[in-house]
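Student: need coordinates for the following:
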Amino acid sequence: MKRKANVITLIIFFILTALVGCGQSVSESRFMDVFKQHYREGNYEKMLQMTAAESIAKYGKTQILSCYKTMDFVYDMKYLSAEQDGQSLVLRYEVELLGIKGISKVRVIREGGQLKVMLRSLDTTWGRCVQEGV
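Tutor: Residues are numbered from 1 along each chain as shown. I've put the predicted structure just below:
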């Protein structure tokens, strides 16, 4: 009887873990990996879902989607660290573009328990649209 209870407990644990995982926020270290994967797949609506409400209010969904569809986001990024800066969080990445290495900073904010990217402009290059500086 005890073994049956343990099996049921494990099943419930796995179901709850899967359900929580569906709505769970992407970790700081994986945020840009997920964002970039959506870019590669052309899933701009998912990218919009990962965009801060403040940015959407400022620029509008149509303009942001247009920016995402035309931006140049083809370089490698490696997560380095994160630092709290007031209400937002600055994620630091090592980037390499055309053989040149640099540091990229991406500002994100927590909304409803999930990280969301904050846009600085709607320039179609990733660096001008999102990065804090290289």
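Student: tell me the contacts of the residue most central in space within the chain?
Tutor: Compute the mean C-alpha point of the chain, and by CA atoms, centre = their mean the closest residue is residue 31, 3.6 Å away. Residues in contact with residue 31, defined by CB atoms under 8 Å, 6 or more residues apart in numbering, are 50, 91, 106, 108, 115, 117. Every C-beta, even on glycine, is put in place using the N, C-alpha and C of the backbone.
Student: same question, residue 116
Tutor: When the contact criterion is CB under 8 Å, 6+ apart, the partners of residue 116 are 50, 51, 52, 53, 55, 108, 109, 110.
Student: likewise residue 77?
Tutor: For residue 77, the residues meeting the contact criterion (CB under 8 Å, 6+ apart) are 32, 33, 36, 93, 94, 95, 104.
Student: try 7 Å this time
Tutor: If you count contacts by CB atoms under 7 Å, 6 or more residues apart in numbering, residue 77 has them with 32, 36, 93, 95, 104.
Student: same check on residue 91?
Tutor: By CB under 7 Å, 6+ apart, the residues touching residue 91 are 28, 31, 32, 82, 105, 106, 108.
Student: make a markdown table out of the residues you listed and add secondary structure and pLDDT.
Tutor: Conversion of those to a markdown table gives the following (DSSP: H, G, I helix; E, B strand; the rest coil; pLDDT from 0 to 100):
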| residue | secondary structure | pLDDT |
| --- | --- | --- |
| 28 | helix | 85 |
| 31 | helix | 89 |
| 32 | helix | 88 |
| 82 | strand | 91 |
| 105 | strand | 84 |
| 106 | strand | 87 |
| 108 | strand | 92 |
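Student: select only the buried ones of those in PyMOL?
Tutor: Written as a PyMOL command, the selection of buried residues from the contacts of residue 91, which uses 16 or more other CB atoms under 10 Å, is:
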select buried, resi 31+32+82+105+106+108
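Student: JSON lines for the contacts of residue 77, including distance to residue 73?
Tutor: Conversion of those to JSON lines gives the following (distance: CB to CB, whole Å):
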{"residue": "32", "distance to residue 73": "10"}
{"residue": "36", "distance to residue 73": "7"}
{"residue": "93", "distance to residue 73": "12"}
{"residue": "95", "distance to residue 73": "11"}
{"residue": "104", "distance to residue 73": "11"}
